[in-house]
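Participant: build me a model:
(one chain, ligands or ions: 1)
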Amino acid sequence: MSEDDAVRATNDDAASCKRAAVQLGYWKDPYINYFMRASERKAPEINRGFYVRVRGVHSLLKQFLEITKCQGQIVNLGAGFDTTYWNLKDENLAPKSFIEVDFQGITAQKMYYIQHRKHLLDKLTADQVDVQISSTDLHAGQYHIVAADLRNVGELKKKLGECGVDFNLPTCFLTECVLVYMPPEASEALLRWIPEHFKSAFFVNYEQVNMGDRFGKVMIDNLRARGCGLPGVQYCQNLESQKQRFLSTGWTSADAINMVDVYRSLPQSDVQSFNPPPILVDLGIELFSHYCMVWACCRPPLGLDLVIYKDAPLVTDKKVKHELPL
Ligand SMILES: C[S@@+](CC[C@H](N)C(=O)[O-])C[C@H]1O[C@@H](n2cnc3c(N)ncnc32)[C@H](O)[C@@H]1O
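Facilitator: Down below sits the predicted model:
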């Protein structure tokens, strides 16, 4: 198995963990089961970790959609079997354009599922859109799946062009556990390219942090044992290194939050409904402290800023400072 195969396999892990947590009722996602068969139960701290991750990312995306009145674009880099587009569509929150990018093996597999699950295909054709499908790419109105290696910015640019990406529209890029698998020079080139070409861009990154401590080293060893070299781990040392990677590549502002703080800022009614025994709380906290969310902006008009108030509930509070005129 090549190192890229091992990286592609991380998508199966993410999707099966999401499916397992959804099955237990941690959150609702009627689509994940179309992309991932039922899997064995996961440890409670893994379920809760995914719950916090999904809530946190969704909260930031929702703020972006609110301030852009769904007239912006979302580009999910290393999207895997992510189902955000389908869920946003059900909430009437789909943006003007939603683009997913991954290695061709993953996009081909995802498209196979879409083509063979009538419910998914019907959803795409419901708006009378023309669905164009090749062996690796799909274009269906506002929804696009394209194959590209993110280490090759030229290839990414070409594929985004085929999706009709508009460099003048506010665009939110999302990476969830992706940049760590790229060599620093490749992720830096990618991050630098965005503010150089997009008039107004946001970035949401969910990734490992505190990789220098004992627990972090065990996480690295586990991934390396599975063939994932983690060439980008230098940026996962602490929240500061996570922010700096954006500030040093042309982004005007960056902020980062540990997932422990995200967990603690969730409405207590949510957290208590899972009712974990104290020992599991400790295990979960150790795990959450090794993941973070980072968000960055470039040239935000009117000083627009995406802010998570650390002392307020993540989802229920109003966090948007300004409205973005379109
Ligand atoms: C841990 S999975 C996460 C999948 C999805 N973002 C999620 O959260 O469910 C990482 C994904 O990034 C993709 N990926 C990593 N490096 C990539 C690269 N250089 N080009 C394209 N995709 C890449 C992998 O194929 C995989 O689907």
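Participant: how about the residues of this structure by the ligand?
Facilitator: Within reach of the ligand by C-beta under 6 Å from any ligand atom, the chain has these residues: 7-8, 10-11, 14, 78-80, 82, 102-103, 106, 149-151, 176-178, 181-182. Bear in mind the C-beta positions are built from the backbone N, C-alpha and C, glycine included.
Participant: which residues of the stretch 151-300 of the chain score low on pLDDT?
Facilitator: 268-283, 300 (pLDDT under 70).
Participant: where do the strands sit along it?
Facilitator: 171-176, 201-208, 253-258, 291-298 (DSSP state E, counting those that start in this stretch).
Participant: so which of the residues of the chain next to the ligand belong to strands?
Facilitator: Members of the residues of the chain next to the ligand lying in strands (criterion: DSSP state E): 102, 176.
Participant: buried subset of the residues of the chain next to the ligand, written for PyMOL?
Facilitator: With 16 or more other C-beta atoms under 10 Å as the burial test, the buried ones among the residues of the chain next to the ligand are selected in PyMOL as follows:
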select buried, resi 7+8+10+11+14+78+79+80+82+102+103+106+149+150+151+176+177+178+181+182
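Participant: where exactly do the helices run in this protein?
Facilitator: Taking DSSP state H as the criterion, the chain carries its helices at 3-23, 32-35, 44-67, 84-90, 104-116, 118-125, 153-162, 184-197, 214-225, 239-247, 259-265, 268-274, 278-288.
Participant: of the ones you listed, which is nearest Lys96?
Facilitator: With C-beta to C-beta, the closest approach to Lys96 among the helices of the chain belongs to helix 44-67: 10.2 Å.
Participant: mind saving the C-alpha coords of that closest one as CSV?
Facilitator: The C-alpha trace of helix 44-67 is given here as CSV (Å, rounded to 0.1, in the frame of the first residue of the first chain):
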residue,chain,number,x,y,z
PRO,A,44,-17.8,6.8,23.4
GLU,A,45,-15.1,9.4,23.4
ILE,A,46,-14.7,8.9,19.6
ASN,A,47,-18.4,9.4,19.1
ARG,A,48,-18.4,12.5,21.2
GLY,A,49,-15.2,13.7,19.4
PHE,A,50,-17.0,13.5,16.1
TYR,A,51,-20.1,15.1,17.5
VAL,A,52,-18.1,18.1,18.7
ARG,A,53,-16.2,18.3,15.3
VAL,A,54,-19.4,18.2,13.3
ARG,A,55,-21.1,20.8,15.5
GLY,A,56,-18.1,23.1,15.4
VAL,A,57,-17.5,22.9,11.6
HIS,A,58,-21.3,23.3,10.9
SER,A,59,-21.5,26.3,13.2
LEU,A,60,-18.7,28.1,11.3
LEU,A,61,-20.1,27.1,7.9
LYS,A,62,-23.6,28.3,8.9
GLN,A,63,-22.2,31.7,9.9
PHE,A,64,-20.5,32.0,6.5
LEU,A,65,-23.8,31.1,4.8
GLU,A,66,-25.8,33.6,7.0
ILE,A,67,-23.5,36.5,6.3
